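In: Would you be able to build a 3D model of this:
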Amino acid sequence: MARSRERGATAPKYDFSEQVGHLLRRAYQRHVAIFQRVVPDSRLTGAQFCVLCALRDHGPVSMSEICRFTAIDQATVRGILERLKARDLVATSADAIDRRKVIVALKPAGDALLDDIMPAAQHISELTTAGLNPAEQLALLFLLRKLSDDDSEAAAEPASDEVQIGDESIRQTRRSDRAARSARARA
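Out: Next up is the predicted model:
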């Protein structure tokens, strides 16, 4: 017991509350609480809203495409679709070519719900980042996109030595990052 205390005294302290995973989870919990408080439809979850938006943006698509567009796993999407279907917001059908594939489409009621919720959705995003100035908001979105990028090679790359804050410089940096990954993928 004394040995572990000695080691703990000389080793740098690991404070879980200052780690990126913990801070991301806390920020997400705050965002979910804001969503639940502000969204005009109390039965709609953030994940359900995300699926409805993907259907509006991409038209009728397969469940696997919904998973890809939303970054939600298939089992969760299946449950979301059942709940949305029960509310008559989406419709499912078999694919004309591959009868095993399920195609999901937004129904008029789902489209109308999105129309009603869009102003609140924008307000939810604004409330989530309200404590940040415009440059910080832009930097946050840039960094979250970079962290959530599925390119495993990008995740292994070291961070840039210089971070520029500002609308155009962030966009330019993001375009440069995409171009570099694209060039490596072609090589």
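In: going forward, measure contacts and count neighbours with C-alpha atoms only.
Out: Noted.
In: any low-confidence regions in the chain?
Out: Within the chain, the ranges that satisfy pLDDT under 70 run 1-10, 150-187.
In: mind redoing it with 50?
Out: 1, 152, 154-156, 158-172 (pLDDT under 50).
In: All the helices of the chain, residue numbers only.
Out: Secondary structure of the chain (DSSP state H): helices at 2-10, 20-38, 46-58, 63-70, 74-86, 108-128, 134-148, 152-156, 167-186.
In: I'd like those as CSV, with distance to residue 97 and mean neighbour count appended.
Out: As requested, those are arranged in CSV below (distance: least, C-alpha to C-alpha, whole Å; neighbours: other C-alpha atoms under 10 Å):
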stretch, distance to residue 97, mean neighbour count
helix 2-10, 62, 9
helix 20-38, 39, 14
helix 46-58, 19, 18
helix 63-70, 15, 17
helix 74-86, 21, 16
helix 108-128, 25, 15
helix 134-148, 34, 14
helix 152-156, 33, 11
helix 167-186, 32, 12
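In: Show me the one of those helices that comes nearest residue 96.
Out: Of all these, it is helix 63-70 that lies closest to residue 96, at 14.8 Å by C-alpha to C-alpha.
In: That closest one versus helix 46-58: what angle between them?
Out: 100 degrees (axes from the mean of the first three to the mean of the last three C-alpha atoms, to 10 degrees).
In: other SSEs contacting helix 63-70?
Out: helix 46-58, helix 74-86, strand 102-106 (3 or more C-alpha pairs under 8 Å, 6 or more residues apart in numbering; DSSP states H and E).
In: returning to what we had before: just so I know, which of the helices of the chain lies nearest residue 102?
Out: helix 63-70 (6.4 Å).
In: tell me how far the closest one is from the chain's mean position?
Out: 13 Å (C-alpha atoms, centre = their mean, to the nearest Å).
In: Touching that helix from outside, list them.
Out: 50-51, 54-55, 72-74, 77-78, 101-104 (C-alpha atoms under 8 Å, 6 or more residues apart in numbering).
In: can you state the direction angle for that helix and helix 74-86?
Out: 100 degrees.
In: could you give the angle of helix 63-70 to strand 102-106?
Out: Using the same axes, to 10 degrees: helix 63-70 against strand 102-106 is 50 degrees.
In: returning to what we had before: which among the helices and strands packed on helix 63-70 is found nearest to residue 113?
Out: Residue 113 sits nearest to helix 46-58 of all the helices and strands packed on helix 63-70, at 9.2 Å, using C-alpha to C-alpha.
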